[in-house]
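# Quick one, what's the 3D model for this:
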Amino acid sequence: MSKTPPDVLSKAFDNWLATQRRALEMICSAEHAGTGPDWAEGFRVVTRMASLALESVVEKGDPAFPVLFRLQTPWRKLIGDNPDTDYFFCTIDPQYDYRMWGNKGNAPYVGLTLGTDIFRGNAPKGQTGTLTQTCLDQFDCDLDGNFELILSATKKPGNWVRLEPHTTHVAVRETFPDRRKAQPAVLHLERIADERPPELQPEVMAERLEAAGTHLMWIMTAITLVWAMSKENTNVIVGAHGREAVKAQKDHSTHSASDMYYQSGRWTLEPGQAWVVKILPPPNDYAYWGLVITNPWLESHDYFRTTTSITNETGAKNADGSMTVVVAQEDPGVPNWLDCGSRLEGYAILRWTLAGDQVPDPECQIVSLEDLKAEK
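Numbering: from 1, shown residues only. Alright, predicted model coming up:
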């Protein structure tokens with residue numbers, strides 16, 4: 001018995017504290033408008049992402065004893081969250097077999113994205129990021145929507161998802177065009193085994209703390225990089241299919257959903273101005289689209305107390321099937337207003353689900369609020 005902590009633990013914890021300081025330095029050096037909310041939410045995003053890294057890696061990062069958990073919530077938003085999506089996450093390993101079961105609910109899309117490690121920065125040679133993309137509708141279920149899947153490296157009878165070599169994580173995206181009508185899925189995942197978890201040892205805890213620090217820096221790098229790059233697309237929304245991000249092997253796009261189409265851009269206004277975005281219908285059918293505005297740290301604006309996002313089912317459409325959305329500090333009295341609060345600068349993300357490859361970029365323009373009010 002020792003009355004002093006093992007050196008390996010003390011060193012790992014000191015590194016964890018230093019990593020949080022480096023994360024804060026990234027916020028302080030990032031280019032942004034510098035409003036009070038920008039600074040406050042910037043400091044807050046460090047605390048939120050630190051808690052996410054600890055939960056994901058230290059608490060729930062053992063593939064031998066997996067935990068499928070709610071990754072994002074209204075109080076912890078990761079790299080461009082979607083208010084219309086419930087995100088779940090689990091650490092797995094192809095050396096084990098897993099059973100996933102439950103009820104798929106009524107969402108038009110419940111996607112499963114399986115990919116390589118995003119925690120430790122030691123991705124294998126060859127393809128990284130998303131390795132497998134599938135969705136619950138591709139599997140058999142009973143008349144009530146109950147299902148069971150086996151995830152394993154070797155083929156199994158019934159509903160089966162192959163675990164490719166180096167698969168480390170599974171991410172679940174459950175997307176609703178209108179949450180007022182939502183019946184969320186019930187999801188469970190377990191390893192097919194009967195073992196007790198071992199007692200936690202100093203070396204294991206130290207390694208997990210180091211990995212949590214690596215993951216935190218990966219998140220902060222992605223946030224600040226995406227925001228900095230968005231300046232190239234000011235007051236426009238452009239993008240590409242998720243599979244293109246997977247193919248390009250971009251680090252900040254790890255675990256992109258390869259059956260989604262992503263469009264984004266930065267909006268910048270002057271006092272008395274509004275950003276008008278006309279979303280055009282694609283040539284193919286689709287399950288969902290949703291537009292959300294975010295702060296510079298890629299967190300969606302407060303969608304509990306005001307309207308900061310809109311979907312193909314929650315907004316008012318034009319006669320030709322398009323939808324005109326207005327981003328402004330005050331309500332101009334027209335349909336589809338998104339409230340940006342006190343901010344005159346932010347980020348916007350438009351997602352399409354199962355829409356194919358031919359999604360038109362929205363038509364965007366800056367107009368005066370007075371002109372909008374006069375037109376209503």
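# quick one: buried residues of stretch 337-348?
For stretch 337-348, a neighbour-count test (16 or more other Cβ atoms under 10 Å) marks 337, 338, 339, 340, 341, 343, 344, 345, 346, 347, 348 as buried. All C-beta atoms are positioned from the backbone trio N, CA, C, and that covers glycine.
# Check stretch 104-120 too.
Neighbour counts over stretch 104-120 (16+ other Cβ under 10 Å) mark 104-105, 107-120 as buried.
# Quick check: residue 191 touching residue 95?
No. With contacts defined as Cβ atoms under 8 Å, residue 191 does not count as touching residue 95, sitting 10.3 Å away.
# Just want to know which of those two has more residues nearby.
Higher neighbour count among residue 191 and residue 95: residue 191, with 18 against 10, using other Cβ atoms under 10 Å.
# now the more buried one: how far from residue 268?
Here the criterion is Cβ to Cβ, to the nearest Å. By it, residue 191 lies 49 Å from residue 268.
# cool, residue 31 as well?
From residue 31 over to residue 268 (counting by Cβ to Cβ), the distance is 12 Å.
# so where's the stretch 201-350 of the chain uncertain?
For the stretch 201-350 of the chain, the stretches flagged by pLDDT under 70 are 243, 245-255.
# mind listing the helices for it?
Assigned helices in the stretch 201-350 of the chain, in chain order: 202-229, 242-248 (criterion: DSSP state H, counting those that start in this stretch).
# domain assignment for this structure?
Domain segmentation of the chain under automatic domain parsing yields 7-191, 234-375.
# what about the longest one, distance to the chain center?
It refers to domain 7-191. Its chain's average C-alpha position is 8 Å from that of domain 7-191, according to Cα atoms, centre = their mean, to the nearest Å.
# Could you do the last one as well?
If you compare the mean C-alpha spot of domain 234-375 with that of the full chain, they lie 16 Å apart, counting by Cα atoms, centre = their mean.
# what about it, start to end distance?
End-to-end distance of domain 234-375: 25 Å, with Cα to Cα, to the nearest Å as the criterion.
# Also stretch 314-330?
Across stretch 314-330, the straight-line distance between its terminal residues is 20 Å, by Cα to Cα.
# Now tell me what touches that stretch from outside.
With Cβ atoms under 8 Å, 6 or more residues apart in numbering as the contact definition, stretch 314-330 has outside contacts at 177-178, 267, 269, 271, 273-281, 291, 293, 310, 312, 332, 334-344, 348, 369, 372.
# try it again with 7 Å
If you take Cβ atoms under 7 Å, 6 or more residues apart in numbering as the criterion, stretch 314-330 is touched by 178, 267, 274-281, 291, 293, 310, 332, 334-338, 340-342, 369, 372.
# can you list contacts of stretch 191-211?
Among residues not part of stretch 191-211, those counted as contacts by Cβ under 7 Å, 6+ apart are 6, 8-9, 12-13, 15-16, 57-58, 61, 64-66, 96-99, 119-120.
# Same check on stretch 272-279?
Contact partners of stretch 272-279, identified using Cβ under 7 Å, 6+ apart, comprise 235, 237, 267, 269, 289, 291, 322-328, 332, 350, 362-369, 372.
# go again using 6 Å as the cut-off
Counting by Cβ atoms under 6 Å, 6 or more residues apart in numbering, stretch 272-279 makes contact with 267, 322-328, 362-369, 372, all of which sit outside it.
# Flag every buried residue along it.
Of the residues in stretch 272-279, 273, 274, 275, 276, 277, 279 count as buried by neighbour count, 16+ other Cβ under 10 Å.
# what's the closest of those residues to residue 306?
The shortest gap between residue 306 and any of the buried residues of stretch 272-279 belongs to residue 274, at 15.5 Å (Cβ to Cβ).
# Tell me the bridge partners for that closest one.
Beta bridges link residue 274 to residue 367, judged by DSSP bridges.
# For it, give its distance to residue 336.
Spatial separation of residue 274 from residue 336 under the definition Cβ to Cβ is 11 Å.
# Check residue 269 too.
17 Å.
# Ok, residue 110 next?
Distance, residue 110 to residue 336, by Cβ to Cβ: 27 Å.
# Same question for residue 200.
Distance, residue 200 to residue 336, using Cβ to Cβ: 51 Å.
# so residue 149 touches residue 159, yeah?
Yes. With contact defined as Cβ atoms under 6 Å, residue 149 counts as touching residue 159 (4.6 Å).
# follow-up on the earlier one: quick one: closest of the helices of the stretch 201-350 of the chain to residue 186.
So among the helices of the stretch 201-350 of the chain, helix 242-248 is nearest, using Cβ to Cβ, at 26.1 Å.
# Many thanks, have a good one.
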